[in-house]
Structures are given as C-alpha cells and as structure tokens.
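# can you look at this prediction? I've put the sequence above it.
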Amino acid sequence: TPDLTIHYRRGSYAALNLGEAQGRYDHAYQLAQRTMPGPVKTDPKIKVYLYDQLKSKGFSRVRDREVHYRFSDEFRLTTPHEFLHIFLYEFNPRAPIRLEEGVCRLEERKRKKFKGAVHDIQYYQLVKLVPERRWTVREVFKDHYRDDDDGNIAAAFVAFTMQELGRQRFWEFYRDLDKKNWKDNL
C-alpha cells in the first residue's frame, strides 16, 4: 500500500483476503497517525506481517518498524495499537513502557457480556475490575509490563490526564518524559 508493506504466506487467509487486509491495516495505520500530536515518520514504510496462527494477537518491533498481527478466518486483529507503539517510540523512546501501553489502549474497545446484554467498553474502563490498591501513579510509570491490568491502569491515567489537562499539555508532558524524571515532570 502507499504506507505499508504487507507480508503474508502464499495460500494463507491473508493471501486469500488481501484486499480486506490492505483496507483494514491502512485504516488502522491512519487511526494511529491521527492519535499522535503531529506528523509521524513515514519512511521507511512500516512492515506488516500477517499470520494464520500467532501466540499472541499481535506485537510490534519498534526499532525495525514492524507490526505482527494474527489475521485468520477465526480472528482478525486490526487495531491501531501496534502502529502506535512504533509512533510513540519514535516520538519519545525514553517514555516508560506502561504509559506507552496506556496510550496505545486509549481508543480500544472490548465487548463484554453483563447481565444478559452485550456492552462496548473502552479498555480504560476495565480498570474498575482491578483492585483499587493498584490504582497508583507508581503503577503507571513502571518500565515493565505484566498483564492487561497494567495497561488498563495506565490507559485510565492517560484518559484522565487528557481530560483534565487537555491533549496538547498531555503530549508536551509525554514528549519530555523520561523513565527516571517522571515524578518531577508530573
């Protein structure tokens, strides 16, 4: 595509549905671009690797400008999440990984069944399922990642901060952030 180089195996689900894959990943890429505070690096193109089977749903290799997604008959991951990891790393490689994960999850949604009805819930709202003792600023700025709860705590912090300070001030904070200076910057 104009922005992506898509890799897939001959005979795979992606190969048989290449038009759909191109459209979905171009759209996810554009959503990730719009999330960022300004223009993103477009050269070299991001490499998208599509798999019928993958241990995880998706992951990125930021230094190599690669995203890897499961794209199969039973499951198609097409979120901007993995693209955002690349853009955020290029925007500020010194940011703590949990805060980065929180930004990547900000616009993601999950369908949950509750009391017989299906609800479309934003990931940061799932922080309500995490014990409140974990809702600390220290949790948000750790530089390692254990589970989805870590990301949801950080996403709730990002959503709150953007709402309270505005997107511009949040991005100024993020741009100047360092794994060691987060307390002073905060």
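In hand now; what should we look at?
# drop to CA atoms for contacts and neighbour counts, all remaining ones
Noted.
# list of residues touching the least confident helix or strand in the chain by mean pLDDT?
Averaged element by element with mean pLDDT, DSSP states H and E, the chain has its least confident helix or strand at strand 109-114 (a mean of 73). Outside of strand 109-114, the residues that reach it under the criterion CA atoms under 8 Å, 6 or more residues apart in numbering are V118, H119, D120, I121, Q122, Y123.
# at 10 Å instead, please
T79, V118, H119, D120, I121, Q122, Y123, Y124, Q125, L126 (CA atoms under 10 Å, 6 or more residues apart in numbering).
# make a markdown table out of those and add neighbour count, secondary structure and distance to V67.
Formatted as a markdown table, the entries for these read as follows, by neighbours: other CA atoms under 10 Å; DSSP: H, G, I helix; E, B strand; the rest coil; distance: CA to CA, whole Å:
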| residue | neighbour count | secondary structure | distance to V67 |
| --- | --- | --- | --- |
| T79 | 22 | coil | 11 |
| V118 | 10 | strand | 30 |
| H119 | 13 | strand | 29 |
| D120 | 11 | strand | 26 |
| I121 | 13 | strand | 25 |
| Q122 | 18 | strand | 22 |
| Y123 | 22 | helix | 21 |
| Y124 | 25 | helix | 23 |
| Q125 | 16 | helix | 26 |
| L126 | 18 | helix | 25 |
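# pick out whichever of those sits closest to S60.
T79 (12.2 Å; CA to CA).
# could I get the pLDDT score of that closest one?
We note a pLDDT of 85 for T79 in this prediction.
# which non-adjacent residue is nearest it?
A28 (5.6 Å; CA to CA, 6 or more residues apart in numbering).
# doesn't I6 belong to a helix?
No: when the secondary structure is assigned by DSSP: H, G, I helix; E, B strand; the rest coil, I6 falls in strand instead of a helix.
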